[in-house]
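> I'll drop the sequence and a predicted model, then ask my questions.
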Amino acid sequence: MVCISVDSLFKKMNDRVLFQDVTFSIQEQEKVALIGTNGSGKSTLLKILAQEETIDGGRILTKNGLKVHLLRQNPVFTQTTVWQEIIQYQKQCPTYQVKSILTKLGFSDFDLPISTLSGGQKKRLALAIVLMEPCDLLLLDEPTNHLDEEMIEWLEKELKQTKSAVCMVTHDRYFLDKLVSGIWEVERHKLGTYKGNYSKYIVLKRERRD
């Protein structure tokens, strides 16, 4: 079943065309990666899918009641402490599980003031928030940034087990090789799609060029 579909997407940013006549869909439980050069519009496309960015043309259709979680590159928080921030999103997840996620991501003091957190800690807190509750579509912008090897292995396991569809932006090729079944490349305002993980994409890309 289709989770979300995009038809003939057109998007400009500051008079510069980012996407033109882009059509694709994401199936339930599908895991894909967005790749492309810096500035090609990968983060913007994630925000479009999360309905946090408007489009200038085309249409987006979603399944009824679609629930989307977006991990932003630069998360913004509204509460004073780590615990106050995360519990406002806690609806189904048991408290012990919330604490376990925070611990896995390097938090031992849940009452830490957010104002004292480093950039890496803020990104890990945002990651904990999007992973805590189930959703239909998980959009991850550079999820492995600021994670050590043990945390990356834990995240890999979590994403393999999730029933959510996943669309992620990351430069971690090894992470992609283990997780995704499709690579979507943003290039020249279009979206090229390749079946398989990153290693398979390299082979298919070479074949197309040849």
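Now that the structure is in, tell me what you want to look at.
> Now do the strands in this structure.
2-13, 16-27, 31-36, 57-62, 68-71, 137-141, 165-169, 182-187, 190-195 (DSSP state E).
> Would you mind giving those as JSON lines with mean neighbour count and mean pLDDT added?
All C-beta atoms are positioned from the backbone trio N, CA, C, and that covers glycine. Below are these laid out as JSON lines (neighbours: other C-beta atoms under 10 Å; pLDDT from 0 to 100):
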{"stretch": "strand 2-13", "mean neighbour count": "17", "mean pLDDT": "96"}
{"stretch": "strand 16-27", "mean neighbour count": "17", "mean pLDDT": "95"}
{"stretch": "strand 31-36", "mean neighbour count": "22", "mean pLDDT": "96"}
{"stretch": "strand 57-62", "mean neighbour count": "14", "mean pLDDT": "96"}
{"stretch": "strand 68-71", "mean neighbour count": "21", "mean pLDDT": "98"}
{"stretch": "strand 137-141", "mean neighbour count": "24", "mean pLDDT": "98"}
{"stretch": "strand 165-169", "mean neighbour count": "24", "mean pLDDT": "97"}
{"stretch": "strand 182-187", "mean neighbour count": "19", "mean pLDDT": "94"}
{"stretch": "strand 190-195", "mean neighbour count": "15", "mean pLDDT": "92"}
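> Out of the ones you listed, the one nearest residue 124 is which?
strand 68-71 (10.4 Å; C-beta to C-beta).
> Distance from the chain centre to that closest one, please.
Distance of strand 68-71 from the chain centroid (C-alpha atoms, centre = their mean, to the nearest Å) equals 7 Å.
> List the strands paired with it, with their directions.
Strand pairing for strand 68-71, using DSSP bridges, gives strand 137-141 (parallel).
> Could you tell me the angle between the strand it pairs with and strand 16-27?
Strand 137-141 runs at 140 degrees relative to strand 16-27, counting by axes from the mean of the first three to the mean of the last three C-alpha atoms, to 10 degrees.
> hang on, the earlier thing: which one of the strands of the chain lies closest to residue 110?
Between residue 110 and those, the tightest spacing by C-beta to C-beta is seen for strand 68-71, at 19.9 Å.
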